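1. Sequence and predicted structure below; questions after.
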Amino acid sequence: MADVKGTPSEVRKAAIASLFGSALEWYDFFLYGTAAALVFNSLFFPTFDPLVGTIAAFGTNAVGFLARPLGGIVFGHFGDRIGRKSMLVTTLVIMGVATCLIGLLPTYATIGVWAPVLLIVLRIVQGIAVGGEWGGGVLIVSEHAPSHRRGFYSAWSQTGVGLGFVLSASAYALAQAVTTKESFLAWGWRIPFVVGILLTAVGLLIRLRIMETPAFRDKESEPKKSTPPLLDVIRTHPKSILIAFGARVAETGASYLFLTFSLSYAAEVGVGKGVVLTALVVGMLFESFAMPMFGALSDRIGRRPVYIGGAIAVIVWAFPFFAMFDSGNPVLIFVAIFVAVVIGHGAMIGTQPAFFTELFASRVAYSGLALGHELASMIVGGFSPIVATALLAWSGASWPIALFLIGMGAVTVFAVAAAPETNPAVLKGRKAPEGSEASEEAEASEEPEESEEAEVESRTV
């Protein structure tokens, strides 16, 4: 892809639209994970032992992750063929409707086994929608932004993810604060889900106002390949898909341990869930605005060192994280969560949009991003809380979970270390990954000289 970029005004509009659209869509998705940790075990799986019920609730949460690659494949195909913007609008509507329906769903006490069945169906729909959203949300910014500031601008799409969690957790904290325990279990938990449909309408208005990306508009004039984008990206970018997958292991696996499992772990060690929920909201709020800082840092020193630094932070912090929880001290719990999400997770997720975009050629970027990103979400993200809960049930201690975190961090360090640097500004004449966006930009930078020579020759003739 040539370094086709939008005007400064278009770049800002794309960043704002991606931020708010992603925040609202991920608000819907994160609501489920929070509810799975807080209420779904008793409302939809009441016949189970409490810990087994928690595993079952996290299991329905994982179903959404299993569906995410399907959404990535379907929406990635059409996003590469007919445009990024239309897919972002479609996924937002699907997510909003599914979330609202979850809020209206009868519980096990009312309709029996059909309650968890319908819950799973709606979670699958959520997974399909969010699986198709991430790649488009990233590309709508990164394909507008100039290459030398791509890290900074594209990180704002991830800020939307962070703010989505802050919104969902805050909505639950508010619902708990204004209701009694009995009222919250009876109807209070439904309010954040139903309100989601209003937020979806706001996000829809914002996304309808953005322009299609310059990179996609530029390639629309090119002859369309008969090969589906999914097959094309698997054939031409297999290493990039594996790198994206490996880079996601620590980022997604650790994040869902920090954001969902920590709520149930707090209950096991006698810490109030309200303390952890508040700490998570504060940590994610700070992380949301740390992400563009890490993205900007990757513009200066490269994507790889920043990303690897975040993975190493997760490894180093694994044992201290749980030790601080075990202490029961609210201040130490705040510190544990703050360092984990702001520094460890923040460095990875803030660098990720630009890094992943530059791994793939623009003609298959939506499919490539969706495939690498969502396969990791399915295999690692959805199951990490289940694995952690099972390890806790087996050992009664946190040390196996800390080792699990360290293992995920090591996988990511290895994957990113094996990747080439993709930042065009940092490459400075070094060979970019073949077939990647950075290599296309390098080739495109030579085209003006060639075209000028051809024009001079034609004039001479």
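-> Perfect, thanks for sending it.
2. burial count for Ala177?
-> Residue crowding around Ala177 was assessed by other Cβ atoms under 10 Å; the count is 10. Where you see a C-beta, it was placed from the backbone N, CA and C, and this is true even at glycine.
3. My read is that Ser42 contacts Leu185, right?
-> Yes - between Ser42 and Leu185 there is a contact under Cβ atoms under 8 Å: 6.8 Å.
4. Helix or strand: which one has His154?
-> For residue 154 the amino acid is Ser, not His. Using DSSP states H and E, Ser154 sits within helix 150-177.
5. so how far is that helix off the chain centroid?
-> Computed by Cα atoms, centre = their mean, to the nearest Å, the chain-centroid distance of helix 150-177 equals 11 Å.
6. what packs against that helix?
-> With contacts taken as 3 or more Cβ pairs under 8 Å, 6 or more residues apart in numbering; DSSP states H and E, helix 150-177 sits against helix 8-38, helix 114-142, helix 191-207, helix 273-301, helix 346-359.
7. Excluding sequence neighbours, find me the nearest residue to Val387.
-> Residue nearest to Val387 in three dimensions, not counting chain neighbours: Phe404, with 6.4 Å by Cβ to Cβ, 6 or more residues apart in numbering.
8. what does the helix or strand containing the one you found rub up against?
-> Element membership of Phe404 [criterion: DSSP H and E] is helix 399-417. Here helix 399-417 makes contact (Cβ atoms under 8 Å, 6 or more residues apart in numbering) with 242-243, 245-251, 253-254, 257, 261, 265, 304, 307-308, 311-312, 314-315, 318-319, 321-322, 348, 380, 384, 387-388, 391-392, 394.
9. pLDDT below threshold where in the stretch 251-400 of the chain?
-> Counting by pLDDT under 70, the stretch 251-400 of the chain contains no low-confidence range.
10. What subset of the contacts of helix 399-417 is buried?
-> Neighbour counting by 16 or more other Cβ atoms under 10 Å classes 243, 245-251, 253-254, 257, 261, 265, 304, 307-308, 311-312, 314-315, 318-319, 321-322, 348, 380, 384, 387-388, 391-392 among those as buried.
11. And the average pLDDT for the next helix or strand along the chain from the helix holding Ser154 is what?
-> Toward the C-terminus, helix 150-177 is succeeded by helix 181-186 as the next helix or strand (DSSP H and E). For helix 181-186, mean pLDDT is 84.
12. Touching helix 181-186 from outside, list them.
-> The contact list for helix 181-186 (Cβ under 8 Å, 6+ apart) reads Val39, Ser42, Leu43, Ala175, Gln176.
13. Alpha carbons only: can I get it in CSV?
-> C-alpha atoms of helix 181-186 as CSV (Å, rounded to 0.1, in the frame of the first residue of the first chain):
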residue,chain,number,x,y,z
LYS,A,181,-28.3,-7.4,47.0
GLU,A,182,-31.7,-9.0,46.4
SER,A,183,-32.8,-6.3,44.0
PHE,A,184,-29.5,-6.4,42.1
LEU,A,185,-29.9,-10.2,41.6
ALA,A,186,-33.6,-9.8,40.7
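14. List the buried residues of it.
-> Phe184.
15. One more: stretch 75-93?
-> Burial within stretch 75-93, assessed by neighbour count using 16+ other Cβ under 10 Å, is assigned to 75-81, 83-85, 87-92.
16. Over to stretch 372-389?
-> Residues of stretch 372-389 classed as buried: 372-389 (neighbour count, 16+ other Cβ under 10 Å).
17. taking the buried ones among the contacts of helix 399-417 one by one, which sit in helices?
-> Those of these mapping onto helices are 243, 245-251, 253-254, 265, 304, 307-308, 311-312, 314-315, 318-319, 321-322, 348, 384, 387-388, 391-392, per DSSP state H.
18. got the end-to-end distance for stretch 250-261?
-> Taking Cα to Cα, to the nearest Å, stretch 250-261 runs 15 Å from one end to the other.
19. Show me the contact partners of it.
-> 30, 33-34, 36-37, 58, 61, 165, 280, 284, 310-311, 314, 337, 340-341, 344-345, 348-349, 352, 376-377, 380-382, 384-385, 388-389, 401, 405, 408-409, 411-413.
20. Report the distance from it to the chain centre.
-> Between the centre of stretch 250-261 and the centre of its chain there are 11 Å (Cα atoms, centre = their mean).
21. what sits against Val335?
-> Counted by Cβ under 8 Å, 6+ apart, Val335 has contacts Met324.
22. if you set the cut-off to 10 Å instead, what comes out?
-> Ala279, Gly283, Pro320, Phe321, Met324, Asn329 (Cβ atoms under 10 Å, 6 or more residues apart in numbering).
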